[in-house]
Structure formats: structure tokens, C-alpha cells
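*Asks:* generate a structure from the sequence data that follows.
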Amino acid sequence: MIYLEGEITQTSVPPNKAEVEREVTIWIQQTENEIGLTFSLEEFQKYQFSVGDKLSIQIDKKLDIDALARDFFKKDV
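*Replies:* Numbers count the residues shown, from 1 in each chain. Next comes the predicted model:
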């Protein structure tokens with residue numbers, strides 16, 4: 001599991017999606033990069049995202065052993 005702390009640096013309206021979506025740009029200090037997420041207008045309004053908000057992000061990584069094994073044993077034909 002990966003935990004990141006971020007801050008919203010920008011909110012915007014995607015072109016031609018004003019009635020259904022909003023974009024949120026988040027600065028991640030640990031990686032010194034920005035990530036952009038797109039939310040439905042309902043979610044955006046529900047959480048009331050705004051510039052300066054601090055966020056905690058949790059990323060769960062799952063490993064598919066079966067797929068890994070298939071790729072490992074795959075032979076070039």
C-alpha cells in the first residue's frame with residue numbers, strides 16, 4: 001500500500017464537458033509531480049474540492065500471480 005499527501009493546485013472545467021465533469025490537479029510533494037483527476041460534477045460538488053485543500057491518497061497495489069506466471073512462461077513462437 002502506498003500513501004501520498006497532496007494539495008489541490010487547480011480545478012478546471014474540461015472542454016465540452018462543463019455540465020458533467022470537473023478536473024482537479026494535485027501536487028504530490030513526495031514525487032514532486034502533479035497528477036490530474038477527473039470527477040463527475042456530482043462528486044466534485046459533494047466533496048467541495050477547492051484550491052489549497054490537502055488530500056491523503058492511498059494506492060492499493062494488487063499482484064496477479066496467475067498472470068505473472070503466464071507471462072513468465074510465455075514462449076515466443
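*Asks:* so what's Gln58 up against?
*Replies:* In this structure, Gln58 makes contact with Met1, Ile2, Tyr3, Leu4, judged by C-beta atoms under 8 Å, 6 or more residues apart in numbering. Every residue, glycine included, has its C-beta placed from N, CA and C.
*Asks:* over to it. Which of the three states is it?
*Replies:* Assigned by DSSP: H, G, I helix; E, B strand; the rest coil, the conformation of Gln58 is strand.
*Asks:* residue boundaries of the strands in the chain?
*Replies:* Assigned strands in the chain, in chain order: 2-12, 21-28, 33-40, 54-59 (criterion: DSSP state E).
*Asks:* need the residue closest to the centroid of this structure.
*Replies:* Leu37 (5.1 Å; C-alpha atoms, centre = their mean).
*Asks:* need the pLDDT of it.
*Replies:* We note a pLDDT of 92 for Leu37 in this prediction.
*Asks:* now do the contacts for it.
*Replies:* So, once contact is read as C-beta under 8 Å, 6+ apart, Leu37 ends up touching Glu23, Val24, Ile26.
*Asks:* cool, Ser12 as well?
*Replies:* By C-beta under 8 Å, 6+ apart, the contact set of Ser12 is Arg22, Glu23, Thr25.
*Asks:* swap in 6 Å and give it another go.
*Replies:* Residues near Ser12 by C-beta atoms under 6 Å, 6 or more residues apart in numbering: Glu23.
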